[in-house]
Structures are given as structure tokens and as C-alpha cells.
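# Sequence below, structure please.
(2 chains)
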2 protein chains.
Amino acid sequence: MASISQGEYPPELSREEEQYLLSELKDWSIAHGLAVRPAPSFVQPSQDPSGVLATTAPVTVFPSLFPRSCFEEGLAIQRAYNELYSAIARDEKWLQGIVEELIEIDDFVGKLWQTHLAVKKEGYVQDLSLGLFRSDYMVHKDPAQPDATPGLKQVEFNTIASSFGGLSSQVSALHRHLLTLDAYPSSTSSVIKADALRQSKSASSLAKGLAVAHKAYGSSRTGRPLCVLFVVQDPERNVFDQRHLEYALLEEGGVRSFRLPFGETLSHTSLASDQTLIYTPPNSPSKSFEVTTIYFRAGYSPDDYPKEEDWTARLLLEKSRAIKCPSILTQLAGCKKVQQVLATPHSPHLKRFISNVEVASRLLTTFAPIYPLDDSEAGKEAKKLATDVSSATRYVLKPQREGGGNNIYRKAIPPFLEKLPPTHWPAYILMEMIEPPPLKNAILRNGELQRGGVICELGVYGVCLWRDGFGDESKGEILENWEAGYLLRTKGDQSEEGGVAAGFGAVDSCCLVEN
Amino acid sequence: MASISQGEYPPELSREEEQYLLSELKDWSIAHGLAVRPAPSFVQPSQDPSGVLATTAPVTVFPSLFPRSCFEEGLAIQRAYNELYSAIARDEKWLQGIVEELIEIDDFVGKLWQTHLAVKKEGYVQDLSLGLFRSDYMVHKDPAQPDATPGLKQVEFNTIASSFGGLSSQVSALHRHLLTLDAYPSSTSSVIKADALRQSKSASSLAKGLAVAHKAYGSSRTGRPLCVLFVVQDPERNVFDQRHLEYALLEEGGVRSFRLPFGETLSHTSLASDQTLIYTPPNSPSKSFEVTTIYFRAGYSPDDYPKEEDWTARLLLEKSRAIKCPSILTQLAGCKKVQQVLATPHSPHLKRFISNVEVASRLLTTFAPIYPLDDSEAGKEAKKLATDVSSATRYVLKPQREGGGNNIYRKAIPPFLEKLPPTHWPAYILMEMIEPPPLKNAILRNGELQRGGVICELGVYGVCLWRDGFGDESKGEILENWEAGYLLRTKGDQSEEGGVAAGFGAVDSCCLVEN
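Sure, this is the predicted structure:
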């Protein structure tokens, strides 16, 4: 049986092979909750007003090839990344400098900062903070140097609402199941094999993070039963991703949790006089709970705050004694501006947070050069690169805000900047495009199979629980810190956006190959 | 907190209670594969040509109340039922008598019997036989005697394609999960409580039955890898029910299986010269498997045999060395005529198969009186009862064939018989209606919540592996025999048909109550 080369991966499927593979995939995914609620373009809400239909989550048919050394390095440095971002989140003064650069041009950052200041003014009542992080990378291989070893370059670091940890465990189990069934053509047997597939432990490991915070909160101050609060968007098509964490938290950690749509926060929560956060389930108004941990799966985007009351709600949650996942400072630490100042060539910032030179050097290796669009020396250089069509083709322009959706790529950058008032330029950063090696795969979405070139993004989850010294760093300490599994997210290389939930990508798992 | 009485169960839900309960139910069910493919009336096939949509299986919102003594008796006597039907299946001569009474009027029974005779003529090559049975009951409480202890009365005994074992495990886990979440109003806390809910182990236990048969087959005779073959209908909306067995068989038993649409049998299977059954997966024609066990989830209804080749296919499977689940004789043992002759008052048949008087007496207690519509003494009495409107209201007329869908109830019986030529009357049996105590529940189906009176049917699964003596009963022996969990199936009491998949019922679990 001839074995295929990486360049031929994945192989063409005969009609019968495709039928078998897809039939197994479609049934296994629903049987195991690797699912999403269907997009309105697929099922009109009027057809299913109560929302009982579900469909297979957008998923790759094959596990994508991924260099083993890059995968292992990504997992290995996650604890250092947790440490770095925890240190940034504890350094209010340093973050203030970052925020001050953004506040004029990014209302959302300004509102977050004001909310933080209001909490500070009243006095902090909770010194523990939880991060469920995800560091996203792409494999970079300089097209001009085909023999160079591939490296991992960071795309972004998520400090709030890091998603797909629930589905990621399922998709790696799916690909393993398909291998067990010999559903992949035998020509792939030297590539897709048990020791090349990596099971992601993300659902269980992230849930364990919530359970650890829940326990660290201590005993109830009000005599009420304790709970974790998932603050969510409503409606949420990617609900099963979140549910898998909730079920793992209950089954493996024994911890109750509730889903609270962010917009309903003020209706169902209140603060006791000592800032203890009380949640009253609408279905059971006579029975209220004391919240140990707030897990934000909403609140990361300006779209989550359509009303002024939403800021009141965020303030209420932040003022509370519950452990925040994340706190506002942690959320702000995830600003692209932070990534930018760390990754600006010759930046002095990284060593402020990571004193171990060797660790700092490993982190640095994963940074792609990032430039500000401001009046600094690096900023001036960046403006030249961004406005010149020939150099702009190697860059991407990204807004500082979270959430994606508005990146400007390559040739589109100069005309975009031309229309943008220069005072707004600092709201963006310029990042050297990462050049991933060419890959192919097939993605199943809404029942349609799309084949072709793809780009993969590796997300490594991290859990970190720390104590904040509130300016006295001798009191700050990391209590828990672990790497928490991975996500591979794959999109067609024609699209320049990520985000499976937004309809542009698919969940995937790694099939490790030697470089 | 006032506790409700059984008569008030389930309680009315406030809007918020209902919203919470349904939201939890809808998400949990999809996350755990308690699902079906949507009915064409809900999602038109043209909208989802590749079949990726799924929906929550029709399910009760509350676990239905069920008398504890009846539940425990049903489980306790399942091993005796397994023994009974295994003994019947081994008694070809006795079954021949049954078949001869039906053969003139039921072509399907005739074709099955001819297929059996053709196998016999060539000589049996496999003496092991597997039954995955389900004995279905209703609770009977004479309306004229309100203080009488409720008893369990058998509705039918399924010897082929006993369904819902996969979903039943999930629905009992769902109801338990909802209890854990306090999703049921606190007024139910004295009724819905942990020790009243019964987890069904059916998926795992039925899969273990297939694994035991697979192992009993012995080693490969052809050097090919071994597998179990699920012979299925295509398309199959209730596919996740079957998939849960398949996944349990693989994960807990380490046994590979394949799904073969019954209509494609001749394309993908063949017999070696020694009658070993070879299955060649269409996706991998160069790799064939030796089939140890054929699990029929199709072939039980005349509708499964639209072409003459379908009988050729059944003959091929029956002639093979694979263990059949069930064999044709076991399938015929499930004829309603068999149930009828066993349950005909003063019948001599039961003691032919069950020599232990005490066991026979316990089985007899679960029989509802069943009459033939033939020229026997009991038959003559039955004809009087069936044609008189006043007495017919206590009866149901059932065709001898499997599959349901054509029962005639109460007042409809006399006019039905009037139109039926008397020579066709013996194709039916007359059964005293079981009078279940009035119950209420709410059923979620296609996103709609239906509340009202319901009728519950308890199905108890049984696994039995035996060796056939082929006429020499001293060589026949039961090798494995266990009770394998349960199903509660609930339908609105306005409908007089069962069958969740057919759209008339819902899967449910038992909330045990003292009588």
C-alpha cells in the first residue's frame, strides 16, 4: 500500500470512502455533542422558534498536519505565558500606561478602565483572580527559506472568553474514533496514526480551573449554597462548547453553576453589604446562591454593552467578592496593544514581567514583530511599511480591541489608512503576516463539504489562579498554573478571518508530523 | 414547602420554571446524544440533503410515576422471560404448530418459515443464538377496584430489533441531571428524589450482549478480522439509539461493528464455502471482515422486503455461520400468536417451557388474557366478546404481525370485523385492554410542549445467549442470561398507538412510588 506524502495530504476520497467517513462523522458528532445550534442562514428561527435543532459543529474531516516540535513547544511554554499575563494583570501601573495610550481612541477600553477605577475607589474585596487563557499561534515558515525549521508565532493571547475548549476535546476524540474505524484511506496509515493524534483535555482541564477557583473562594459567608456563574451572550449558537465545561464542572468537580445572560445581570444578582455576590435563579426566586466565581463568556465586546445599564452590571460584578475570570485588569492585559508593546522589536517590557532570561527568550521567539501606529520610532517605521503597497503585502492591520472581524490584510491596508483620520491610526497595530506552510483539508459545515487550502491556528489553553498584591507585589503570588489542552482551528485559506462560530472556520485536531 | 400528591403530579410550571427546565433539557440532550434526525414534517429533506441536523428525541419533561413493586417485579422476572423465549426458539416443532396456524393468512410469517426451512435443509452451521429482548408492560389497575394493588401486564414481547436501549440510558441520566440542577419545582422534592429515579443500564448492557456473542463465536476461520454487523433500515431517523450501542460495543467491548442497510446485503456480503459470512465494507473493498454476529435492526417488517432479493439476502444471512440476533425461529417466537397461546386462559403451553411451577406462576401473573379468533372454544368466546359493542370496549384487536400500527381499539372492533372476511379473522388476536392508572406528564417533541394525560409502557431488556440442540434438547443450553436495563415509553392517552420513532410517544424514565 503506497503511502502518501505530506504534500498529497489529505488524499482524494472515493465516493464510498467519503460516504462512510461523513456518515460516521455526522452521527458521532451529534451523539457526542460536537454540535452547534444552526445558523439562521441554514435554519430560519421561525422554523424552530423554541430552538431544538442542532447540527454538527463546523469541523475538519481529517486532522490537520502540524509540526510536532511546534506543538510541543506551544504546550511547553503555556505556563510561562500564564505567568506573564498574570504578572501584567497584577501591574496596574504598567497597564495604566497602555490604557492611556488607547483611551482617547477606544471608548471600550476607556469604559473598562473607568469601571476598574470605580472598583478600586471602593476598595478591592477579592484578591484572587482566575485566568482561563488561550494563546493562539500559527506555524511560520519563511517562504524564502523552504528548508528552515518551522516555528510557532503568536497570533493573539486571549484573556477573556477563550472559547472552543469544550468542543476541542470532542473533535480530537472524533478524529481518533475515525482512525479506529479505519475510516481514513489506508494510504494515510503512515501519517494518521495513534501516536500522531493528540487528545485535547481542554474541557476537563478548564473546568478544573473553575473548580479550583470555586474552592479557593472559601466557605459561604451568607449561609447560601455556593455556585459558579457563567455570564453569557443570549442567544448563543456555540452553547454546547460552554455546556461541556459546565457538565465537567458538575460531574468532575461537583460544582453547581448557572448561565446568566449578561444583559439580565441586574435582574438576578445583587450585592450583600460586604459585597458578597448573590445570584437568584429566576426559576426559583426563593432560593438564592452565593457566587464564588464569575466566568465571563460575554462582556468582551462593545456589542455586549448596548445599554448604559450593562456597564452598571459589569461594575456590580467587578465590585463583588466573587473571583472574576477574568478581572477587568486581566481583560485589559489581553489588549492587542499589550501584545504589541511586548513584541515591538527591542522592547524592554518582557523582562519587566519575566525575570528568567531563558524563559523570556523562549517567549520572545514566539512573537511575530508587531508595530504601533504612533509617533514612536517603531511607529514611524510602521507607517512607512503600511502605506507602501509593496511592503504592506507582508502585514496585517489589527484593531486593538478584542473580538476579531475587522482585520485589514496586505494590499487593503494602504487604501484603508488613506480613508482613516490619522488620529485614529493608533487604534490599530501592524503585524508581520505569519506565513504558514501550505496545507489542505476538507471542512464540513452546514452539511456542505468544502475542500482546499487551509490555514491552521493552534490555541493552547492555560489555567492560572493568582493572588493580587494590589500594588505590593511581594504579596502577589501564583497559586495554580497549568497548561490546559489545545484547540486547532482551521479555516479556508481564501478567507482571511478566523472564528469558527462566526462561520469562517472549523474545529480541528493535530496530526503531528516531524518537521 | 407543601409537597404535591401523586394526583397533582407533575406540577404546573411558572414561565420561568418552564424556561429553565426546557433550556437545560434541550442543551443536555444534544450534548449527550439524546437525539433523533428530524422528521420530514419538521425539516424538509430538501433543506438538509446531507442530513446533518438533529433534534432532541421526543422526551418527557418529568420522569413518570411508576409503582416500585411493578418496576422491581418486571426486572426480576426478565431472566425467566429470557429462558422462556429461548426455550420456545429452540422448540422448532412447537413453533411449527404456531406457524401453521398463521401461514395461510400471514404471508410474512410464511416467508420467514420457508427461509428457515431452506436453512435447515442445508444444515445448521451455527448452534449459538443471541436474543436482545424487550418485554413490554403496562401497569394494570382495575378501575372497578381502586384500592387494589397495581400489577404489571405484558403488552408484547420483542425478540427482534428491540429499540430505544441506547436512548433509554440517556433519558434516565437526563432526568437525574435535571434533579441535580433543582430544575424541578421544590414541591416535587418528596416525589422526584435520587432514590426514586432509576438509571437504565440498557446501552451498556445490550452492547455487552453483542460482545459476549462476538467472543463466543471463537477465532477467525478465514484469517480476516472479526466484526459484528448491524443490519439496519436506511434512512433511519432513530440512528443515535443504535449508535450508542455501537459506541459502547467498541469502547467497552473493543469490538468493531459495521452498519449494513438491509437492502444492500447482497452487494457487500458473501458466504465462504464453509458458510463463514464475509462482509466487505464498500469504503474499503480490499479489506474484508468475518462476521461473528448479525444484529438485526431491520428485517422485522414486510416493508423491509420490497424486493424478492431481500428474501435472498435474509436467506444468505441465516445460512451463514454468524450468530444471529435473532435467528428466524427466535423472531417467530415473538409472534403475537405465541403470546396469545401462552396467555390463553388455562393454556397448557407455559409449563412445556418453564418447568419450575413458581417461576411459571410469576410469568402467568403478567399475562393479560388473550384470545384467538379461531374455531377453538376460546376463539368462539372471543368472537362473541369482539362483535358485541358493550364487551368490545374492554378489548384491543391486534394483528399477529410485528411492527404495530394497525391495532383496533374498543368500539372500533365490531365494525372492523364486520368488514373483514371471517377467513382473515385468525390473523388477529383479541386482548383484554390493560387499564393503566391515570397519569400526567409533559412531552417535548419538535420543540413543542404537549401536556396532559399519558400512558406509560415499561420495557425490560434481556440478553440471552444459548446453544441450540436442533431437536436434541439435551444439547440445548443457556450460556448467558441477564436483565439488561429498562425503557419507559410514554404517549399521550388520546393516541392509542405507541412507538416514539413513529411520532406517537416519547422516551421517559421511572420515578418510583410506593403503590
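# Would you mind pulling the contact partners of the one helix or strand residue A:431 maps to?
Using DSSP states H and E, residue A:431 sits within strand A:428-432. Residues outside strand A:428-432 that contact it (CB atoms under 8 Å, 6 or more residues apart in numbering or on different chains) are A:336-337, A:339-340, A:368-373, A:382, A:385-386, A:394-400, A:408, A:413. To be clear about C-beta, it is placed using only N, CA and C from the backbone, and glycine gets the same treatment.
# List the contacts of the very next helix or strand once past it.
Counting by DSSP H and E, the next helix or strand C-terminal to strand A:428-432 is strand A:439-445. The contact list for strand A:439-445 (CB under 8 Å, 6+ apart) reads A:9-10, A:22, A:25-26, A:56, A:58-62, A:64-65, A:449-456, A:490, A:492, A:503, A:506, A:508, B:52.
# pLDDT (mean, whole number) over strand A:439-445?
Strand A:439-445 shows a mean pLDDT of 93.
# That one: partners in the sheet, and parallel or antiparallel?
Strands that pair with strand A:439-445, judged by DSSP bridges, come out as strand A:59-60 (antiparallel), strand A:448-467 (antiparallel).
# Show me which positions of the last one end up buried.
By neighbour count, and taking 16 or more other CB atoms under 10 Å in any protein chain shown as the criterion, the buried residues in strand A:448-467 are A:450, A:454-467.
# Now tabulate the strands paired with strand A:439-445 in a markdown table and tack on mean pLDDT.
Shown next, in a markdown table, are the strands paired with strand A:439-445 (pLDDT from 0 to 100):
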| stretch | mean pLDDT |
| --- | --- |
| strand A:59-60 | 97 |
| strand A:448-467 | 94 |
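# pLDDT weak spots in chain A?
By pLDDT under 70, the low-scoring segments of chain A are A:1-2, A:401-405, A:495-504.
# Span of stretch A:345-354 from start to end?
17 Å (CA to CA, to the nearest Å).
# Other residues contacting that stretch?
So stretch A:345-354 is contacted by A:80, A:83-84, A:87-88, A:91, A:94, A:341-342, A:357, A:360, A:363-364, A:369, A:378 (CB under 8 Å, 6+ apart).
# Those in helices, which ones?
Per DSSP state H, helices hold the following members of the contacts of stretch A:345-354: A:80, A:83-84, A:87-88, A:94, A:341-342, A:357, A:360, A:363-364, A:378.
# Could I have the PyMOL command that selects the buried members from those residues?
Per 16+ other CB under 10 Å, the buried members of those correspond to this PyMOL selection:
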select buried, chain A and resi 80+83+84+87+88+94+341+342+360+363+378
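# of the ones in helices among the contacts of stretch A:345-354, list those near chain B.
Residues of these in contact with chain B (CB under 8 Å from any CB of the partner chain): none.
# Can you pick out the most distant pair from the ones in helices among the contacts of stretch A:345-354?
Farthest pair in the ones in helices among the contacts of stretch A:345-354 (CB to CB) is A:83 and A:378. Separation: 25.7 Å.
# Could I get the contacting residues of the residue in the stretch 351-500 of chain A that chain B sits nearest to?
Closest residue of the stretch 351-500 of chain A to chain B, CB to the nearest CB: residue A:447 (3.7 Å). When contacts are counted by CB under 8 Å, 6+ apart, residue A:447 touches A:55, B:48-53.
# do you know how far it is from residue B:241?
Computed with CB to CB, to the nearest Å, the distance linking residue A:447 and residue B:241 is 22 Å.
# And residue A:247, by the same measure?
21 Å.
# Give the buried residues for stretch A:4-22.
A:4, A:9-11, A:13, A:17, A:20-22.
# outside of it, which residues touch it?
A:61-62, A:65, A:178, A:183-185, A:187-188, A:190-191, A:440-442, A:444, A:449, A:513, B:50, B:281-285.
# Can you tell me the closest non-neighbouring residue to residue A:201?
Leaving aside its chain neighbours, residue A:201 sits nearest to residue A:485 (4.3 Å; criterion: CB to CB, 6 or more residues apart in numbering or on different chains).
# Settle this for me: that neighbour is touching residue A:208, isn't it.
No: the pair residue A:485 / residue A:208 is not scored as a contact, 10.5 Å apart, by CB atoms under 8 Å.
# Counting neighbours, go ahead and name the busier of those two.
residue A:485 (26 against 20; other CB atoms under 10 Å in any protein chain shown).
# Leaving out chain neighbours, which residue sits closest to residue A:74?
residue A:460 (4.7 Å).
# Can you pull the residues of the stretch 1-150 of chain A lying near chain B?
The stretch 1-150 of chain A comes close to chain B at residues A:14, A:16-17, A:19-22, A:26-28, A:30-33, A:35, A:38, A:43, A:47-56, as judged by CB under 8 Å from any CB.
# Now, those that are in strands?
Among the residues of the stretch 1-150 of chain A next to chain B, the subset assigned to strands under DSSP state E consists of A:35, A:53-56.
# Any chance of JSON lines for those residues, columns neighbour count?
JSON lines is the format used below for these (neighbours: other CB atoms under 10 Å in any protein chain shown):
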{"residue": "A:35", "neighbour count": "30"}
{"residue": "A:53", "neighbour count": "24"}
{"residue": "A:54", "neighbour count": "30"}
{"residue": "A:55", "neighbour count": "26"}
{"residue": "A:56", "neighbour count": "25"}
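# Widest-spaced pair of these?
A:53 and A:56 (11.8 Å).
# can you map out the strands along the stretch 101-250 of chain A?
A:128-140, A:151-158, A:226-232 (DSSP state E, counting those that start in this stretch).
# sorry, that was for the stretch 251-400 of chain A
A:257-261, A:269-271, A:277-279, A:289-296, A:323-325, A:370-372, A:395-399.
# got the contact list for residue A:227?
Residue A:227 neighbours (CB under 8 Å, 6+ apart): A:255-258, A:279, A:289-292.
# got it, and residue A:230?
Going by CB under 8 Å, 6+ apart, residue A:230 touches A:242, A:245-246, A:257-260, A:295, A:297.
# Work out which residue lies at the spatial centre of chain A.
Centroid-nearest residue in chain A: residue A:162, 3.3 Å away (criterion: CA atoms, centre = their mean).
# Spatially nearest residue to it (excluding sequence neighbours)?
Leaving aside its chain neighbours, residue A:162 sits nearest to residue A:134 (3.6 Å; criterion: CB to CB, 6+ apart).
# now do residue A:426
residue A:374 is the one closest to residue A:426 (CB to CB, 6+ apart), at 4.7 Å.
# what's the neighbour count on residue A:89?
For residue A:89, using other CB under 10 Å, the count is 26.
# again with residue A:391
Residues near residue A:391, counting by other CB under 10 Å, number 13.
# For stretch A:42-60, list the C-alpha coordinates in PDB.
Output of stretch A:42-60 as PDB, limited to C-alpha atoms (Å, rounded to 0.1, in the frame of the first residue of the first chain):
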ATOM      1  CA  PHE A  42     -29.300  27.300   7.500                       C
ATOM      2  CA  VAL A  43     -32.400  27.100   9.600                       C
ATOM      3  CA  GLN A  44     -34.600  30.200   9.900                       C
ATOM      4  CA  PRO A  45     -35.500  31.000  13.500                       C
ATOM      5  CA  SER A  46     -39.200  31.000  12.600                       C
ATOM      6  CA  GLN A  47     -38.900  27.300  11.600                       C
ATOM      7  CA  ASP A  48     -37.600  26.300  15.000                       C
ATOM      8  CA  PRO A  49     -38.800  29.000  17.400                       C
ATOM      9  CA  SER A  50     -38.000  27.000  20.500                       C
ATOM     10  CA  GLY A  51     -34.500  26.200  19.300                       C
ATOM     11  CA  VAL A  52     -34.300  22.400  19.500                       C
ATOM     12  CA  LEU A  53     -32.400  21.800  16.300                       C
ATOM     13  CA  ALA A  54     -28.700  21.300  16.300                       C
ATOM     14  CA  THR A  55     -26.100  20.400  13.700                       C
ATOM     15  CA  THR A  56     -22.500  19.100  13.600                       C
ATOM     16  CA  ALA A  57     -20.100  21.900  14.500                       C
ATOM     17  CA  PRO A  58     -18.000  23.100  11.600                       C
ATOM     18  CA  VAL A  59     -15.300  20.500  11.700                       C
ATOM     19  CA  THR A  60     -12.400  19.300   9.600                       C
END
